[in-house]
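In: need a structure here:
(one chain, ligands or ions: 1)
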Amino acid sequence: MSVVVFGSINLDIVVEVPRLPIKGETIVGNRFFSAAGGKAANQAVAIAKLGVPVSLVGQIGEDSFGQTLIQSLQTAGVNTSGITVNSSTYSGIASIVVDEMGANTIACAAGANNLVREKELEQFELLLPQAKIALLELGIPIATVLNAARLAKAHDCFLILDPAPVISNFPEELYGLVDLMTPNEIEASQLVGFTVDGVTTARQAASFLHQMGVKNVVITLGSQGALYSNPTENFWVKPIPVSVVDTVAAGDAFNGALTAGLASGKSLTEALSWGAVGGALAVTKSGAQASLATKDCFHQMLKQQLLSQ
Ligand code: RIB
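Out: Presented below is the predicted three-dimensional model:
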């Protein structure tokens, strides 16, 4: 079963520092690197690396960064036929600072991601008949996300939305179109208007999201694991203890592996274990796409997890 991912593609400029700078402060880092990133691109790579056929729809600028980004996607096995190139703008850039504990802050210059509109929606619609699952995120204009969600549902796809990065103008109609929403605690807090910082508040947030029309919710809670909820039941997904190097793309890895599990015919409960393993492995390495699990490594940890349950 194939998947279409629609959203942002970035070149990540990463500086590793002893601690994150505060407002107005300059911190001198120890290491710099640039690498392929962008939430949707990372998710598509995570899915492809697990052997599931996946296409990515989005936009890049006509620059050398764009070429690097396409190359990284194709090397991972992502179908890039739905990516358009815009000569009047630059490819998306993410400026990322990572501290010694693996925590990060990210500021993006959206570039081409901000211009994702009708052309890309046409590409998305062309790919939908072969797909059973569509995965969206919010690194492109929200009007485009809403139209993509309508199209995905019109084509009977199972629609997953990672509501990241957080936005203030989340359209009400979108809640009812989503089959599975996967916010982290910060995104969930923003959506529901109160602080989500553990399983209890995550349950309250999920219940709010169900009232808004979302069918299934997974709220990821970092080192506290995740909460799964539907209108009739909810359960906690245990965290997998690992040594954290860099949390960049952990959410993308979770979403990608969860989607790959569903596309491989696993139940939602089993696919949640896939998500947890994908997220856990991603934080053990630096970078976004470079940190995403290979199939062998992934299945080895998944097997260990299933044996320990
Ligand atoms: O989720 C991680 C991604 O967010 C990075 O790769 C960066 O591009 C930002 O969009």
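
In: any chance you could map the strands in the stretch 151-300 of the chain?
Out: Along the stretch 151-300 of the chain, the segments classed as strands by DSSP state E, counting those that start in this stretch run 158-162, 180-181, 216-220, 226-229, 234-237.

In: how far out from the middle of the chain is the shortest one?
Out: With Cα atoms, centre = their mean, to the nearest Å as the basis, strand 180-181 stands 12 Å off its chain's centre.

In: Can you report how many residues lie near the closest residue to the ligand within the chain?
Out: Closest approach between the chain and the ligand, counting by Cβ to the nearest ligand atom: Gly37, at 2.5 Å. For glycine as for every other residue, the C-beta is placed from the backbone atoms N, C-alpha and C. Gly37 has 30 neighbours, counted by other Cβ atoms under 10 Å.

In: cool, Ala250 as well?
Out: Ala250, neighbours per other Cβ under 10 Å, totals 25.

In: what's the distance between it and Gln289?
Out: Separation of Ala250 from Gln289 (Cβ to Cβ, to the nearest Å): 13 Å.

In: now swap in Gln211 and tell me
Out: Applying Cβ to Cβ to Gln211 and Gln289 gives a distance of 36 Å.

In: between the two, who's got more neighbours?
Out: Gln289 (26 against 10).

In: Quick one: the strands in the stretch 1-150 of the chain, in order.
Out: Going by DSSP E, counting those that start in this stretch, the stretch 1-150 of the chain shows strands at 2-6, 10-16, 31-37, 54-61, 79-86, 92-98, 104-109, 131-137.

In: Make CSV from the ones you listed and add mean pLDDT to it.
Out: Formatted as CSV, the strands of the stretch 1-150 of the chain follow (pLDDT from 0 to 100):
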stretch, mean pLDDT
strand 2-6, 97
strand 10-16, 97
strand 31-37, 95
strand 54-61, 98
strand 79-86, 98
strand 92-98, 97
strand 104-109, 94
strand 131-137, 97
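
In: With distance to Ala205 added, can I get those in CSV?
Out: Listed next are the strands of the stretch 1-150 of the chain as CSV, based on distance: least, Cβ to Cβ, whole Å:
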stretch, distance to Ala205
strand 2-6, 25
strand 10-16, 28
strand 31-37, 27
strand 54-61, 29
strand 79-86, 33
strand 92-98, 27
strand 104-109, 23
strand 131-137, 19
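
In: wait, what's in contact with Asp20?
Out: Rather than Asp, residue 20 is Leu. Ile27, Val97, Asp99, Ala103, Asn104, Thr105 (Cβ atoms under 8 Å, 6 or more residues apart in numbering).
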